[in-house]
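Chemist: Make a model of this:
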Amino acid sequence: MEKAILVFILVFVFTNTFAQNPGSYHIQTTEPSSRFLTIDGNKNSEDDFAWIAPSNNSSAQIFTLEPAEDNSFYLKCSNGLYVSIQSGNLTNESTLQIRSKENRDYFKWLFIEYEEEFVIQSKARSSIEISTPIDQNKAYVVTKDFNNGLQQRWKLNPVTQFFAQPLVAVIAPMEKNTLTGPKMYEVSAEINHINLTTHNNDCRRLQGKIIIDIIDSHNSSPCERIIKPGINEASILLDWSGNLKKDYKVREISAPMADEPFFAVHKSRLEDGKLFVRLRSNIKGCHKGGEGHFDYNCDINYSGIFEFDLSHFKKRVGYEGAIFFEGELPIKAKKNGREDPHVLTLYVTLFYNEKKVIK
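Modeler: Residues are numbered from 1 along each chain as shown. Just a heads-up that it's a prediction; the model follows:
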């Protein structure tokens, strides 16, 4: 009799388990409220991560439910890429990664309705959950086993289309200012060298990537990436690619693999310093735990989102208009969710030439 009652309750609660409709939505948290699933607003941002942040009225917080199969959906971002589980890693606390569409279960999502809210569960059977806070307004999102807690509950708010009246009469008087608009510089980012807390050679076993963005703190928006085919298909500052589950390679710290990221940055922001660098990392590393040749574990976690304002950089003026901002950016590791003494420090230079305005 007890089993029959339990079955009845489950059927009653989840009658509308897969009742969600295709369309575009803002995906809002239940607790804390007034936070929304967010991606980087730039295009060509494959391998970026998703997080939660306050509403910013941008397309970076709009997701389209695109029918897949068996009542599941692909979650399409405004930049044309799709939400997936990082590298198909189906263990607990995997981050959400933005990638090109693939016909795999970790790209497909079920919306399980519960009291006018939803648990968003992948077909790979892990659910999206709010994780470690970045600051008082932002937090990571990861996938974990279903637990029906508030941090796994979401609201889907349909996107309303607004059709504004023409603004020609308002915009026309500004045309005379077109040629005197804000100057933009092409700013590059590169690693000069790296310091790593090293107890032994196994500390140099590292896998993963770091993606860099320059953020205009005046309006909290990323500066436009400049994509140069054959040079930088993304903004990868550091690339130690590999399987995050096994086969960690000993890295040559003095010669890191890197993309060559470029950004279009306002002259005024470079002058007033209202910029910061955002690093998004999924790097993990190892540490020897015993005396044996293979007695090491790879649970040193350098992953997360790290932000550094221009106070971390020293400005240096070179010849023929060359300007350098040289910074020391420490990424402090964690192990099993706790602080760890390992630190990965990147010495990063931002460079532009003030005699070369790009637009």
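Chemist: Stretch 99-114: end-to-end distance?
Modeler: Start and end residues of stretch 99-114 are separated by 29 Å (C-alpha to C-alpha, to the nearest Å).
Chemist: Name the helix or strand of the protein that has the lowest mean pLDDT.
Modeler: The least trusted helix or strand in the chain, going by mean pLDDT, DSSP states H and E, turns out to be helix 168-171, with a mean of 30.
Chemist: What is the helix or strand just after it packed up against?
Modeler: Using DSSP states H and E, the helix or strand that follows helix 168-171 in sequence is strand 184-196. If you count contacts as 3 or more C-beta pairs under 8 Å, 6 or more residues apart in numbering; DSSP states H and E, strand 184-196 packs onto strand 206-216, strand 236-240, strand 262-266, helix 267-272, strand 338-353. Bear in mind the C-beta positions are built from the backbone N, C-alpha and C, glycine included.
Chemist: where does the nearest residue to Lys355 once chain neighbours are set aside fall, phi/psi-wise?
Modeler: Excluding its sequence neighbours, the residue lying closest to Lys355 (C-beta to C-beta, 6 or more residues apart in numbering) is Gly321, at 3.5 Å. Listed backbone geometry of Gly321 is phi 90, psi 0, with angles given as degrees, to the nearest 10.
Chemist: Stretch 131-147: end-to-end distance?
Modeler: 14 Å.
Chemist: Report the mean per-residue pLDDT for it.
Modeler: Taken as a whole, stretch 131-147 carries a mean pLDDT of 76.
Chemist: For that stretch, list every residue counted as buried.
Modeler: Ser131, Ile134, Ala139, Tyr140, Val141, Val142, Thr143, Lys144 (16 or more other C-beta atoms under 10 Å).
Chemist: Just grab the bridge partners of the third one for me.
Modeler: The reference is to Ala139. Beta-bridge partners for Ala139, by DSSP bridges, are Ile52, Pro133.
Chemist: so who does it touch?
Modeler: Neighbouring residues of Ala139 by C-beta atoms under 8 Å, 6 or more residues apart in numbering: Arg35, Trp51, Ile52, Ile130, Ser131, Thr132, Pro133.
Chemist: Would you confirm that the fifth one contacts Thr143?
Modeler: No. Between Ser131 and Thr143 there is no contact, the gap being 9.5 Å when judged by C-beta atoms under 8 Å.
Chemist: Now that Pro67 has come up, it's in contact with Phe73, right?
Modeler: Yes. Pro67 lies in contact with Phe73 (C-beta under 8 Å); the separation is 6.0 Å.
Chemist: what residues do these two have in common as contacts?
Modeler: Common contact partners of Pro67 and Phe73 (C-beta under 8 Å, 6+ apart): Pro22.
Chemist: quick one: which of those two has more around it?
Modeler: Phe73 (23 against 11; other C-beta atoms under 10 Å).
Chemist: That one bridge partners, please.
Modeler: Pro67, Trp109.
Chemist: how much space between Ile120 and Leu110?
Modeler: 8 Å (C-beta to C-beta, to the nearest Å).
Chemist: The two: who's more crowded?
Modeler: Set Ile120 next to Leu110 and count neighbours by other C-beta under 10 Å: Ile120 wins out with 24 against 20.
Chemist: related to what we said a few turns ago, am I right that the residue nearest to Lys355 is in contact with Lys356?
Modeler: Yes. The pair Gly321 / Lys356 is scored as a contact, 7.1 Å apart, by C-beta under 8 Å.
Chemist: Give the helix, strand or coil label for Asp202.
Modeler: Taken by DSSP: H, G, I helix; E, B strand; the rest coil, the conformation at Asp202 corresponds to helix.
Chemist: Please read the previous query as pertaining to Gln151.
Modeler: Secondary structure state of Gln151, per three-state DSSP, is helix.
Chemist: about what we covered before: overlap in contacts, Ser131 and Thr143.
Modeler: With C-beta under 8 Å, 6+ apart, Ser131 and Thr143 have common neighbours Glu93.
Chemist: what about the strands in the stretch 1-150 of the chain?
Modeler: 23-29, 35-38, 51-54, 63-67, 73-77, 82-85, 94-99, 108-114, 117-122, 127-133, 139-144 (DSSP state E, counting those that start in this stretch).
Chemist: quick one: average confidence on the fourth one?
Modeler: Within the predicted structure, the mean pLDDT of strand 63-67 is 89.
Chemist: now the angle from that strand to strand 23-29?
Modeler: Per axes from the mean of the first three to the mean of the last three C-alpha atoms, to 10 degrees, the angle that strand 63-67 makes with strand 23-29 is 120 degrees.
Chemist: Check the offset of strand 63-67 from the chain's centre.
Modeler: Distance, stretch centre to chain centre, for strand 63-67: 20 Å (C-alpha atoms, centre = their mean, to the nearest Å).
Chemist: And the contacts of it?
Modeler: Contacts for strand 63-67 (C-beta under 8 Å, 6+ apart): 20-27, 37, 73-78, 83, 111.
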